[in-house]
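In: Sequence first, then the predicted structure, then my questions.
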Amino acid sequence: MAHMTKGLRTGLCAAGLLLASTLAGHAATYSLKIGAGHPAGSVWIGAIRDFFMPQVAERVAKATGDKIVWTEAWGGSVCKLGECLEAVESGLLDIGELQTPFDPAKLLAHNFTYFAPFGTPDPRVAAKAVLDVYEATPALKKVLETRYNQVFLGAGVIGNYGLVTSFKWTDVGDLKGHKIAAAGPNLPWLQGTGVVGVQSNLNEAYTSFQTGVYEGWVMFPDAIVSFKLNEVTKQYVDMDFGCIHTPLLSMNKDTWNDLPPAVQKIFIEVGKEWNAYTGRVTWQKQQDALAKMKELGLDVRQADMATKQAWAKALPNIPKQRFEEINKANLPGEVIYTYIKALKAAGHQFPRDWEAER
């Protein structure tokens, strides 16, 4: 563990953090491995590389004279989707982008945005609401520390979910019998519609469309473009299922403890700013992707309120069900309604009043 002794700073942690032995007053070097299951080209990974990493490095250098050296491990090179929580816990990664939907049991409460379907379509609004929930619910951060040996750094958002399909449809009834994929926590969004839900992930989406494993994806615009799903689909319906918090940044606790307070403070500050940055960049990527899909020949249309209300009415009371499930797991189920209230306070109107039905 890093410490100061007679003017000499030394330290080495199992996660691979190296504090170069230096004389007092001289710069130290912190070598940090950061990674995720998704590839570097993903919008949310881009937000880490373009903002979080350089901002941390620049501010640490300016404030302390110390140096951050990053080793990047994207695209499953250290942890595949669903493995990154454990990779950070064990120290295989110093910092990981965890992707909450791929740890649906361990990060059950952290998936709260999935449990309020038809949330805000604006990622800027969603980002602020998500951060407000974390600030209002300390238990979310405590779970990471006490159960999984890691420290919360930041919570990002991804774009507004819609439905991309290899066939065209007009009414919700047209979907009956078709196989539609979702990441996991949003599979319940398909209940009551008559579709056959299939759990999947973006890394396998293109091939699965080609081979007929499924015919649709509950997905957001920028991922459809970046993963080239427009090549294997025909229509995108902007359903306004809502923007979702899936990117979750955390640091191995042993690594964290080896950092001096001044450096820890910078990580927390940049993590909060990264939250707002993901909202802004995702908003722009979302607009660009919608335009790009049209340009590439995909039939893009906006669902009207009547369609959204019909879909929402067909669903079970997901917020209430998940609230009870989370509480039974000794986790903070109230996070769902805290999020719903935050969106309402920001002016969002749900097609179904989940709060009134709790």
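Out: Thanks, I have it. Numbers count the residues shown, from 1 in each chain.
In: need the strands for the protein, in chain order.
Out: 3-5, 8-12, 18-23, 29-36, 67-73, 95-97, 150-155, 158-165, 179-182, 196-199, 216-219, 235-244, 248-252, 299-302 (DSSP state E).
In: Looking at these, which is nearest to residue 352?
Out: Closest to residue 352 of the strands of the chain, according to CB to CB: strand 235-244, at 12.2 Å. From N, CA and C alone the C-beta is placed, and that goes for glycine too.
In: Report the inter-axis angle for that closest one versus strand 158-165.
Out: For strand 235-244 against strand 158-165, the angle by axes from the mean of the first three to the mean of the last three CA atoms, to 10 degrees is 150 degrees.
In: wait, isn't residue 316 in contact with residue 193?
Out: No. Counting by CB atoms under 8 Å, residue 316 sits too far from residue 193 to count as a contact (11.6 Å).
In: more neighbours, the two?
Out: Legend: neighbour count by other CB atoms under 10 Å for residue 316 and residue 193, higher for residue 193 (19 against 10).
In: wait, what's in contact with that one?
Out: Residue 193 makes contact with 172, 175-176, 311, 314, according to CB atoms under 8 Å, 6 or more residues apart in numbering.
In: Backbone torsions only: list them for it.
Out: Here is the backbone geometry of residue 193 (degrees, to the nearest 10): phi -90, psi -10.
In: can you point me to the longest helix in the protein?
Out: Identified as the longest helix of the chain according to DSSP state H is helix 261-295.
In: Could you list the buried residues of that one?
Out: By 16 or more other CB atoms under 10 Å, the buried positions in helix 261-295 come out as 263, 266-267, 270-271, 274-279, 281-283, 285-286, 289-290, 292-293.
In: what's near enough to touch residue 197?
Out: 180-182, 187, 190-191.
In: okay, now the domains of the chain?
Out: If you go by automatic domain parsing, the domain ranges for the chain are 3-157+245-284, 159-242+297-357.
In: avg pLDDT for the longest one?
Out: Right, the one you point to is domain 3-157+245-284. Throughout domain 3-157+245-284, pLDDT has a mean value of 90.
In: next one: it to chain centre, how far?
Out: Domain 3-157+245-284 sits 12 Å away from the centroid of its parent chain (CA atoms, centre = their mean, to the nearest Å).
In: quick revisit: let's see which of the contacts of residue 193 end up in helices.
Out: Per DSSP H, the contacts of residue 193 map to helices at 311, 314.
In: Next, format the contacts of residue 193 as a markdown table and append distance to residue 134 and pLDDT.
Out: Shown next, in a markdown table, are the contacts of residue 193 (distance: CB to CB, whole Å; pLDDT from 0 to 100):
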| residue | distance to residue 134 | pLDDT |
| --- | --- | --- |
| 172 | 34 | 92 |
| 175 | 35 | 94 |
| 176 | 39 | 94 |
| 311 | 29 | 95 |
| 314 | 31 | 94 |
